[in-house]
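Visitor: sequence-free structure coming up:
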């Protein structure tokens, strides 16, 4: 139950704080744990550039430019304790581009608590255009999964 509450809290806080302006931190301060560093290397191998700096779109903590294959993760996400989920969320979007070159759902449907589903739907309806619901839903669902890193890495390796 604690993990479910953590995911709900993270999703709600991240969405609320995404509407505010933040001060950038230095990219050199980012120290990745082993699995995230392996994911970073997989993304680079798939042709993505990872920038640990404030995204160029105001009010966001993570962003992907699919045409230029660039991912931004705001360093402040470390202090906010949402770095991992933000990085995984954007990595899912990178993986979603592998098969067609544009953002398309992969088909991951992880089993999550009903409260998490409701929180995600609330974020989607408040912050995204309906055309983006499927890709964002998949990214939000995957960002809290314990097996997210190997699944994303596998998708990158097999389809990018």
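Guide: Arrived safely. Only a predicted model underlies this, so the values are computations on that prediction, with no experimental measurement involved.

Visitor: how about low-confidence regions in this structure?
Guide: 1-31 (pLDDT under 70).

Visitor: how about the helices of it, start to end?
Guide: Secondary structure of the chain (DSSP state H): helices at 2-17, 34-45, 76-80, 83-96, 114-127, 133-142, 148-159.

Visitor: so which of those helices has the densest surroundings on average?
Guide: Stretch with highest mean neighbour count among the helices of the chain: helix 83-96 (a mean of 25; mean count of other Cβ atoms under 10 Å). No exception for glycine: its C-beta is placed from N, CA and C like everyone else's.

Visitor: check which helices and strands that one sits against.
Guide: Here helix 83-96 touches helix 2-17, helix 34-45, strand 62-65, strand 70-73, helix 76-80, helix 133-142, helix 148-159, going by 3 or more Cβ pairs under 8 Å, 6 or more residues apart in numbering; DSSP states H and E.

Visitor: list the contacts of the second one.
Guide: Okay, so that is helix 34-45. By Cβ atoms under 8 Å, 6 or more residues apart in numbering, the residues outside helix 34-45 that reach it are 32, 50, 71, 84, 87-88, 91, 94, 149, 152-153, 156-157.

Visitor: do that again at 6 Å, thanks
Guide: The set of residues external to helix 34-45 that reach it, using Cβ atoms under 6 Å, 6 or more residues apart in numbering, is 50, 87, 91, 94, 149, 153, 156.

Visitor: could you do the last one as well?
Guide: Counting contacts by Cβ under 6 Å, 6+ apart, the residues outside helix 148-159 that touch it are 35, 39, 42, 46, 88, 91, 95, 98, 99, 142.

Visitor: what distance do you get for residue 119 to residue 112?
Guide: Distance, residue 119 to residue 112, using Cβ to Cβ, to the nearest Å: 10 Å.

Visitor: then residue 98?
Guide: For residue 98, the distance to residue 112 - Cβ to Cβ - is 23 Å.

Visitor: try residue 100
Guide: Per Cβ to Cβ, residue 100 is found 26 Å from residue 112.
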